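Chemist: What follows is a predicted protein model with its sequence.
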Amino acid sequence: MRRPLRVLALANQKGGVGKTTTAINLGTALAAIGEDVLVIDLDPQGNASTGLGIDRAKRRVSTYEVMAGEASLAQAVVPTAVPRLSIAPSTMDLLGLELELATLPDRAHRLRSMLKSLTQAPSLSKISYVLIDCPPSLNLLTINALAAADAVLVPLQCEFFALEGLSQLLRTVEQVRGALNPKLTIQGIVLTMFDPRNNLSAQVVADVRGFMGDKVYETVIPRNVRISEAPSHGKPALLYDLKCAGSQAYLRLASEVIQREGRVPAAA
């Protein structure tokens, strides 16, 4: 029996924490171990789309049209060079969406409504994971992602202010759980850009583990040149250099995500 669809929002209001990089490479790693994955790019910058090789000229239908109600999610989805991995790309048009939706009563549930039709589209019926790449702010796009998600995956850079930003995000998750999505949970926190030569990185890892306990994944994503180079080639790191430390870390993270999801009871 096919596993129920799981929707994970990758969220952190801080920019530059490895959120898009994690969406791209976790999606690739999940696909590599046999899952059918859809990445939904909700960031107007469209870096997840670019990083998966989707040229801006080919984004004829984007998540803007989906969120505006002008197209279905299935119409926006395009395949990537990675087998079993597809993406709904974004464009800069998303920047104006919040103003357009401001007066609509369902403005926080637009994405949830679109995801309900996902399994009815024959080409997308096998999708087992949806990863939503959120913008680096707690705006209406991020609220839509949290309202539609089963769980939140939080990339957290190994830097001094990491815990401060995490506290704000956790408060937002609690607010969304109370008002919009009672089933929302924290899937896990992944520490990114870890530099073993830096004493501060090790201290941040210890502090975050002390604060969040087993919510923090065992896998830590290292600061890695090959991960940084891959997007400029329109490839995930796993296609660009499978053997590099960053790619291997994302494969381990995918295994951890699957293990945690195995503890989630199937929907009734």
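Modeler: Looks like it came in fine.
Chemist: all contacts plus neighbour counts: C-alpha atoms, from now on.
Modeler: Noted.
Chemist: Okay, A9 and T172: tell me how far apart.
Modeler: Taking C-alpha to C-alpha, to the nearest Å as the measure, A9 and T172 are separated by 13 Å.
Chemist: Those two: which has the busier surroundings?
Modeler: A9 (27 against 15; other C-alpha atoms under 10 Å).
Chemist: so which strand or helix has the nearest residue to I221 once chain neighbours are set aside?
Modeler: In space, I221 comes closest to T192 once its chain neighbours are excluded; the distance is 4.6 Å by C-alpha to C-alpha, 6 or more residues apart in numbering. Here T192, judged by DSSP states H and E, is contained in strand 185-194.
Chemist: ditto for I40
Modeler: strand 37-41.
Chemist: Helices along this structure, start to end?
Modeler: In the chain, the helices defined using DSSP state H lie at 19-32, 47-51, 63-67, 73-76, 97-101, 110-116, 140-148, 162-179, 199-212, 225-229, 237-240, 245-262.
Chemist: Out of those helices, the one nearest V82 is which?
Modeler: Distance to V82, taken as C-alpha to C-alpha, is lowest for helix 19-32 among these, at 6.8 Å.
Chemist: Check the gap between the closest residue to L242 other than its chain neighbours and R226 for me.
Modeler: The shortest distance from L242 to any non-neighbouring residue, by C-alpha to C-alpha, 6+ apart, is to Q248 (7.0 Å). From Q248 across to R226, the span is 12 Å (C-alpha to C-alpha).
Chemist: just for the stretch 151-268 of the chain, where's the confidence low?
Modeler: 263-268 (pLDDT under 70).
Chemist: State the number of residues packed around the residue nearest to L242.
Modeler: For Q248, the number of neighbouring residues by other C-alpha under 10 Å comes to 17.
Chemist: Pull the residues that contact stretch 31-38.
Modeler: 27, 30, 82-88, 126-131 (C-alpha atoms under 8 Å, 6 or more residues apart in numbering).
Chemist: Could you rerun that using 6 Å?
Modeler: Contact with stretch 31-38 is made by 84-87, 127-130, as judged by C-alpha atoms under 6 Å, 6 or more residues apart in numbering.
Chemist: Need the max-distance pair from these.
Modeler: In those, the most distant members under the criterion C-alpha to C-alpha are I87 and S128, with 13.5 Å between them.
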